[in-house]
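1. below is the sequence, then the predicted model.
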Amino acid sequence: MTTPSLSTRDLTIRFGGHVAVNQVSADFYPGTLTVIVGPNGAGKTTYFNLISGQLPASSGSVHLDGVDITRHGAAKRTTMGIGRAFQLTNLFPNLTVIENVRLAVQSRARIGMNMFSVWFSHSELISRAEHYLERVALADRRDTKVAALSHGDKRKLEVAILLALEPEVMMFDEPTAGMSVDEVPVVLDLIHQVKAERSKTVLLVEHKMDVVRSLADRIIVLHNGTLVADGNPAEVMASAIVQEAYLGAPEHA
Ligand SMILES: Nc1ncnc2c1ncn2[C@@H]1O[C@H](COP(=O)(O)OP(=O)(O)OP(=O)(O)O)[C@@H](O)[C@H]1O
């Protein structure tokens, strides 16, 4: 097997006396889409926050391509290749849709810049940004201010920004949450496309079991902050611990 692009080792965070993520160790590989499931409060989002750097670990470590990034902040982790579609917190509401994506393209161009590369012209940046808007079916909202977008369009824009950043590790936190039924397929198709390219390491937190089934190469189950199952979807779905801890519970709508 290839080297993991992302690893966590005994990753732990305590809030007062509560251990929200408890010694979670896992390796994530390029070309694999891992879905993290678990009941409400299991620690899924907190685990994501520890990986992307939104929260500092109490103990344990996070590694990107073998480099220990545990002490790096979120911005540094982004430039190193960890990209996350946040829950609408990384959008600039007073800028237009195209400007939001243009900034991501520009930031990516800067990260990738070395002494042999050249700056993109403004028109090149815009045409790249337009390409990502087309991929998420938002081209017709190009000049709309983000504040005026529907919830579903904002989530699609987040995905366009994530794609534009071209991170090695892509993290999606319930990407279709709050979307209308007709908006969901666009985002799921995109995640399918990213998965089909097989070069990215993709992590997804998801409650909807139909989405989990259609996308997962691997499932990790968290329960009370602890990793209780990790394996291929058929194995994990069939395990007694999952049946008891999670799948027995009513599915989220
Ligand atoms: N900043 C914080 N301060 C105190 N407790 C927190 C904080 N963030 C999360 N927690 C607690 O950590 C636990 C795990 O929360 P987390 O949001 O990661 O769960 P989750 O699995 O993502 O749940 P959900 O599926 O409902 O989103 C919960 O008990 C939560 O209350």
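-> Cool, the structure landed.
2. the ligand contacts on the stretch 1-150 of the chain?
-> The stretch 1-150 of the chain comes close to the ligand at residues Phe15, Ala20, Gly38, Asn40, Gly41, Ala42, Gly43, Lys44, Thr45, Thr46, as judged by C-beta under 6 Å from any ligand atom. Any C-beta I mention is one placed from the backbone N, CA and C, and that applies to glycine too.
3. what's the average pLDDT for stretch 75-93?
-> Across stretch 75-93, pLDDT averages out at 84.
4. please compute how far it lies from its chain's middle.
-> How far stretch 75-93 lies from its chain's middle: 9 Å, per C-alpha atoms, centre = their mean, to the nearest Å.
5. what sits up against it?
-> By C-beta atoms under 8 Å, 6 or more residues apart in numbering, the residues outside stretch 75-93 that reach it are 5-6, 48, 51-53, 64-65, 67, 69, 72, 99-100, 103, 111, 145-147, 151, 154-155, 157-159, 161-162, 165-175, 177.
6. quick one, which of the residues you listed are buried?
-> Listed as buried from these are 5-6, 48, 51-53, 64, 69, 72, 99-100, 103, 146, 154-155, 157-159, 161-162, 165, 167-175; burial here means 16 or more other C-beta atoms under 10 Å.
7. low-confidence ranges, this protein, go.
-> 1, 87-89, 110-120, 245-253 (pLDDT under 70).
8. nearest residue to the spatially most central residue of it in space, please, no chain neighbours.
-> Central residue of the chain (C-alpha atoms, centre = their mean): Met171, 1.3 Å from the mean position. Setting aside the residues directly before and after it, Met171 is nearest to Arg84 in space (C-beta to C-beta, 6 or more residues apart in numbering), at 4.1 Å.
9. what residues sit buried inside the host helix or strand of the one you found?
-> According to DSSP states H and E, Arg84 maps onto strand 82-85. The neighbour-count check on strand 82-85 (16+ other C-beta under 10 Å) flags Ile82, Gly83, Arg84, Ala85 as buried.
10. which parts of stretch 76-92 count as buried, going by neighbours?
-> Arg77, Thr78, Met80, Gly81, Ile82, Gly83, Arg84, Ala85, Phe86, Leu91.
11. start and end of it, how far apart?
-> End-to-end distance for stretch 76-92: 20 Å, by C-alpha to C-alpha, to the nearest Å.
12. kindly report the same for stretch 164-179.
-> Stretch 164-179 has its terminal residues 21 Å apart, counting by C-alpha to C-alpha.
13. mind checking how far that stretch is from the chain centre?
-> Centre to centre, stretch against its chain (C-alpha atoms, centre = their mean), the figure for stretch 164-179 is 4 Å.
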